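Q: below are the sequence and a predicted model for it; my questions follow.
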Amino acid sequence: MEIGQLYRSVRDRFRAAGLETPELDAKLLVSAALEISLSALVLQEHDRAGDAAIALAEGHALKRLGGVPVGRILGERDFYGRRFLLNDATLEPRPDTETLIEAVLGRCDPDEALLFCDIGTGTGAIAVTLLAELPASRTIAVDLSVDALHCAYRNADLHGVADRLLPVCADYTAALRPAQDDLSRESLDWVVSNPPYIRSSVLGELSREVIQHDPLLALDGGDDGLEAYRIIVADAAHLLRKDGHIALEIGFDQAADLKKQLRHHGFGAIEIIRDLSGNDRVVLARKL
Ligand SMILES: C[S@@+](CC[C@H](N)C(=O)[O-])C[C@H]1O[C@@H](n2cnc3c(N)ncnc32)[C@H](O)[C@@H]1O
């Protein structure tokens with residue numbers, strides 16, 4: 001079978017099954033099975049696919065039709081132009097989180113030796129991306145899950161930034177005190193976080209793909225979805241240097257609550273940034 005035929009056959013089954021992005025899913029799964037790039041999928045469409053690659057692509061297609069997300073099938077996901085490995089303990093990084101990356105990068109000087117702390121690092125998508133884009137910076141990466149931290153460290157290694165990432169396994173900001181001791185008691189320049197922020201009562205309304213494949217620890221924000229923010233904002237107020245910044249990903253309806261919390265803890269210059277769909281997605285503030 002030719003590569004182009006294999007791609008079209010998978011794509012057509014994905015379309016018929018009503019998948020949201022049938023072309024993209026088919027391209028990602030077929031190119032991965034063939035171990036070729038997305039552009040090679042087009043350029044080599046008349047080449048013959050090997051039997052083993054066809055069998056692998058069919059296996060991937062069956063899993064996708066069974067409701068497994070592409071990232072979980074391949075064990076990796078692209079974020080801000082880089083590949084991130086996943087494991088069972090990590091959330092699949094979302095394109096919405098790139099809004100936070102853009103917001104932070106737009107306010108940082110790449111030559112400055114900044115000290116970040118990424119709370120709830122998961123795959124390390126935020127921490128590793130910032131380290132890769134800001135070569136003079138260092139990051140403390142915190143997660144309660146040791147398996148998630150292991151994944152973050154592998155991703156840091158993959159992208160050549162592991163020597164500037166300090167993984168810390170602990171409960172939110174409780175981790176920052178000992179980590180700061182290791183780093184000569186420096187104050188943080190930035191606290192960044194995409195914490196769990198979904199209200200416990202609506203977790204059951206999430207799509208099957210999310211609830212079956214993303215870990216609950218990464219999603220559940222407690223009764224009002226704001227539990228993590230209360231801890232992170234209060235502690236960040238002590239741990240940041242004066243004029244240090246905080247950047248938090250938020251749910252579309254949480255901006256007003258976050259503004260209130262940030263003002264209460266002595267933050268100013270509060271900005272709310274929207275994602276590409278026009279939803280409030282990131283809150284930024286400066287410690288006064
Ligand atoms: C929404 S995920 C974000 C993952 C990653 N930063 C990203 O943006 O893709 C939240 C992360 O917070 C971690 N987490 C949940 N509760 C925590 C706690 N009490 N202390 C530290 N990390 C926690 C989860 O394990 C998960 O990795």
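A: Noted; the coordinates are in hand.
Q: in the longest strand that the chain contains, what's buried?
A: Counting residues, the longest strand found in the chain (DSSP state E) is strand 240-249. In terms of neighbour count (16 or more other C-beta atoms under 10 Å), strand 240-249 has its buried residues at Leu240, Gly244, His245, Ile246, Ala247, Leu248, Glu249. Yep, even glycine has a C-beta here, placed from its N, CA and C like the rest.
Q: and the fourth one, what are its bridge partners?
A: Okay, so that is Ile246. Val191, Ala285 (DSSP bridges).
Q: tell me which residues touch it, please.
A: Neighbour list for Ile246: 190-192, 232-233, 236, 240, 262, 267, 283-287 [criterion: C-beta atoms under 8 Å, 6 or more residues apart in numbering].
Q: adding distance to His46 and pLDDT, write these out as CSV.
A: Below are the contacts of Ile246 laid out as CSV (distance: C-beta to C-beta, whole Å; pLDDT from 0 to 100):
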residue, distance to His46, pLDDT
Trp190, 50, 97
Val191, 53, 97
Val192, 47, 98
Ile232, 54, 95
Val233, 57, 95
Ala236, 56, 92
Leu240, 58, 92
Leu262, 58, 98
Phe267, 59, 97
Val283, 51, 98
Leu284, 50, 98
Ala285, 55, 98
Arg286, 57, 97
Lys287, 60, 95
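Q: what residue is smack in the middle of this structure?
A: The chain has Pro93 as the residue nearest its centroid, 3.1 Å off, counting by C-alpha atoms, centre = their mean.
Q: quick check: the farthest pair among the contacts of Ile246?
A: Greatest spacing in the contacts of Ile246, by C-beta to C-beta: Ile232 and Arg286 (15.7 Å).
Q: Ala127 contacts Phe116, correct?
A: Yes: counting by C-beta atoms under 8 Å, Ala127 does reach Phe116; the two are 7.1 Å apart.
Q: neighbour count: the two, which is higher?
A: More crowded of Ala127 and Phe116, by other C-beta atoms under 10 Å: Ala127, with 31 against 25.
Q: what residues does the stretch 101-250 of the chain have near the ligand?
A: Within the stretch 101-250 of the chain, the positions lying close to the ligand (C-beta under 6 Å from any ligand atom) are 120-123, 125-126, 142-145, 148, 171-172, 194-196, 217-218.
Q: out of those residues, which end up buried?
A: For these, a burial check counting by 16+ other C-beta under 10 Å picks out 120-123, 125-126, 142-145, 148, 172, 194-196, 217-218.
Q: which of these fall in helices?
A: Using DSSP state H, the members of those that fall in helices are Ala125, Ile126, Ala148.
Q: skip the chain neighbours and tell me the closest residue to the second one.
A: Of all residues beyond its chain neighbours, the one nearest Ile126 is Asp118 (5.0 Å), with distances taken as C-beta to C-beta, 6 or more residues apart in numbering.
Q: ok, now the first one?
A: The shortest distance from Ala125 to any residue that is not its chain neighbour, by C-beta to C-beta, 6+ apart, is 3.7 Å, and that residue is Pro93.
Q: what about the one you found, which SS state?
A: Following DSSP: H, G, I helix; E, B strand; the rest coil, we place Pro93 in the coil state.
Q: show me where the stretch 101-250 of the chain has helices.
A: When assigned using DSSP state H, counting those that start in this stretch, the helices of the stretch 101-250 of the chain occupy the ranges 125-133, 146-158, 176-182, 208-213, 227-239.
Q: this completes my enquiry, with thanks.
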